[in-house]
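*Asks:* Sequence and predicted structure are below.
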Amino acid sequence: MSAKGGDGRKPASPAVNLIAGGGAGMMEALVCHPLDTIKVRMQLSRRSTAPGVSQASWFRENRCRDCQEGNRTRSVQGSGAVLGGIIPKMAIRFTSYEQYKQLLADKNTGAVSSKATFLAGLAAGVTEAVAVVNPMEVIKIRLQAQHHSLADPLDAPKYRSAPHALFTVIKEEGFMALYRGVSLTALRQGTNQAANFTAYTELKAFLQRSQPEYSNSQLPSYQTTVIGLISGAVGPFSNAPIDTIKTRLQKTRAEPGQSAVNRIMTIAKDMFKQEGASAFYKGITPRVMRVAPGQAVTFTVYEFLKGKLEASNWAFVGGKYEE
């Protein structure tokens with residue numbers, strides 16, 4: 001595989017990554033965000049699941065209860081924080097991935113090995129975590145964790161919107177509260193994108209080798225969707241404990257004099273002692289249901305938009321778009 005990508009074409013420009021990645025990320029968030037809300041609620045729940053009740057049953061019961069209570073809008077809590085950060089996140093993800101991949105390519109042949117692809121994905125995930133994802137998730141989780149009843153007009157939530165939550169958190173806890181759990185977020189995003197890009201790249205290369213007619217062109221959208229779905233399911237199973245601990249860490253205020261490492265260890269010990277090992281995998285069902293289809297949507301829309309933009313010869317020249 002060359003540095004030009006599995007299909008032999010030149011890497012997309014930053015402008016194309018911005019538009020295609022942002023559009024793909026926005027579509028993914030709109031389609032899959034309700035499942036993320038359920039996932040966060042499950043991870044924050046300290047009540048052990050009743051014997052014989054699976055996470056899928058918990059998901060169905062609580063989702064139906066929200067609908068019966070007239071709280072359909074609960075499922076979109078935190079969506080403002082997600083949509084507000086999705087464009088820069090996806091722009092950073094795809095642009096940094098391409099840059100890291102080119103840096104790790106063989107200097108003589110330009111070939112990009114599977115190891116280089118993995119490391120590029122890992123670095124891209126860490127980059128997006130520090131730049132965008134962690135602050136966005138702190139705000140999103142604070143909004144999603146509110147268990148008020150939206151059907152009761154007298155039960156006012158603490159955070160009214162993503163901007164209000166951002167202002168309140170900074171005012172009450174300081175700017176660095178937005179980076180609570182950043183090490184875990186970086187580890188989660190890094191492992192996610194390393195697994196995601198590696199699986200997607202290898203599957204895409206396999207399909208292109210198996211179908212000579214697509215060796216130098218885009219795969220059909222349905223094939224991109226399938227391999228995006230498969231690659232997207234890999235990450236959640238590998239780092240579910242990291243994601244659960246991170247969610248609980250970001251939901252609560254820091255104790256004076258307690259380091260991040262001590263807080264992480266305390267949360268992990270309490271979870272294991274009070275709820276058992278299964279607590280580390282709370283929310284895995286809706287997370288896989290969200291991440292796997294989300295990656296399918298992301299890669300399909302990204303490849304589609306990128307192909308359209310490159311076909312029309314869009315470029316970013318002199319600070320403006322030209323066609």
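*Replies:* Great, that's in hand.
*Asks:* Looks like residue 244 contacts residue 278 (just checking).
*Replies:* No. Assessed by Cβ atoms under 8 Å, residue 244 is found out of contact with residue 278, at 10.5 Å. Yep, even glycine has a C-beta here, placed from its N, CA and C like the rest.
*Asks:* Okay, and residue 254 sits in which element?
*Replies:* Using DSSP states H and E, residue 254 is not contained in any helix or strand.
*Asks:* ok, now residue 22?
*Replies:* helix 14-44.
*Asks:* Could you do residue 219 as well?
*Replies:* Per DSSP H and E, there is no helix or strand for residue 219.
*Asks:* how many neighbours does the nearest residue to it once chain neighbours are set aside have?
*Replies:* In this structure, residue 219 finds its nearest non-sequential neighbour in residue 207, 5.8 Å apart by Cβ to Cβ, 6 or more residues apart in numbering. Residue 207: 18 surrounding residues under other Cβ atoms under 10 Å.
*Asks:* Residue 207 and residue 120: what is the separation?
*Replies:* From residue 207 across to residue 120, the span is 20 Å (Cβ to Cβ, to the nearest Å).
*Asks:* For the stretch 1-150 of the chain, which segments are assigned as helices?
*Replies:* All helices of the stretch 1-150 of the chain, identified by DSSP state H, counting those that start in this stretch, fall at 14-44, 55-68, 79-104, 114-128, 134-144.
*Asks:* Now tell me which of these the model trusts least on average.
*Replies:* Lowest mean pLDDT within those: helix 55-68, at a mean of 52.
*Asks:* in terms of contact, does residue 97 touch residue 194 like I think?
*Replies:* No. The criterion here is Cβ under 8 Å, and residue 97 misses it with residue 194 at 10.2 Å.
*Asks:* Need the residues touching each of the two.
*Replies:* Residues touching both residue 97 and residue 194 (Cβ atoms under 8 Å, 6 or more residues apart in numbering): residue 121.
*Asks:* got the phi/psi numbers for residue 106?
*Replies:* phi -60, psi 130 (degrees, to the nearest 10).
*Asks:* That one: how many residues sit nearby?
*Replies:* Number of residues near residue 106 (other Cβ under 10 Å) recorded here: 12.
*Asks:* Over to residue 214?
*Replies:* Around residue 214 there are 16 other residues, counting by other Cβ under 10 Å.
*Asks:* related to what we said a few turns ago, quick one, what contacts the residue nearest to residue 219?
*Replies:* Applying Cβ under 8 Å, 6+ apart, the residues near residue 207 are 214, 219, 223, 227.
*Asks:* Go ahead and name everything in contact with stretch 116-123.
*Replies:* Applying Cβ under 8 Å, 6+ apart, the set of residues contacting stretch 116-123 is 1, 96-97, 100-101, 103-105, 112, 190-191, 193-198, 201-202.
*Asks:* of these, buried ones?
*Replies:* 1, 96-97, 100-101, 104-105, 112, 190-191, 193-198, 201-202 (16 or more other Cβ atoms under 10 Å).
*Asks:* Which of those residues fall in strands?
*Replies:* Among the buried ones among the contacts of stretch 116-123, no member falls in strands (criterion: DSSP state E).
*Asks:* Helix, strand, or coil at the residue nearest to residue 219?
*Replies:* helix (DSSP: H, G, I helix; E, B strand; the rest coil).
*Asks:* Distance from stretch 208-221 to the middle of the chain?
*Replies:* Distance, stretch centre to chain centre, for stretch 208-221: 28 Å (Cα atoms, centre = their mean, to the nearest Å).
*Asks:* Could you give me the buried positions within that stretch?
*Replies:* 208, 214, 218-219.
*Asks:* Nearest to residue 183 among those?
*Replies:* Closest approach to residue 183 among these (Cβ to Cβ): residue 219, at 36.4 Å.
*Asks:* what sits against the closest one?
*Replies:* 204, 207-208, 211, 227, 303.
*Asks:* Pop out the phi and psi values for it.
*Replies:* Dihedral angles (degrees, to the nearest 10) for residue 219: phi -70, psi 160.
*Asks:* one step back: can you put the buried residues of stretch 208-221 in CSV and add distance to residue 136 and pLDDT?
*Replies:* CSV is the format used below for the buried residues of stretch 208-221 (distance: Cβ to Cβ, whole Å; pLDDT from 0 to 100):
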residue, distance to residue 136, pLDDT
208, 34, 92
214, 36, 88
218, 30, 85
219, 31, 91
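*Asks:* Tabulate the residues you listed (JSON lines), appending distance to residue 169.
*Replies:* Below are the buried residues of stretch 208-221 laid out as JSON lines (distance: Cβ to Cβ, whole Å):
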{"residue": "208", "distance to residue 169": "46"}
{"residue": "214", "distance to residue 169": "48"}
{"residue": "218", "distance to residue 169": "42"}
{"residue": "219", "distance to residue 169": "43"}
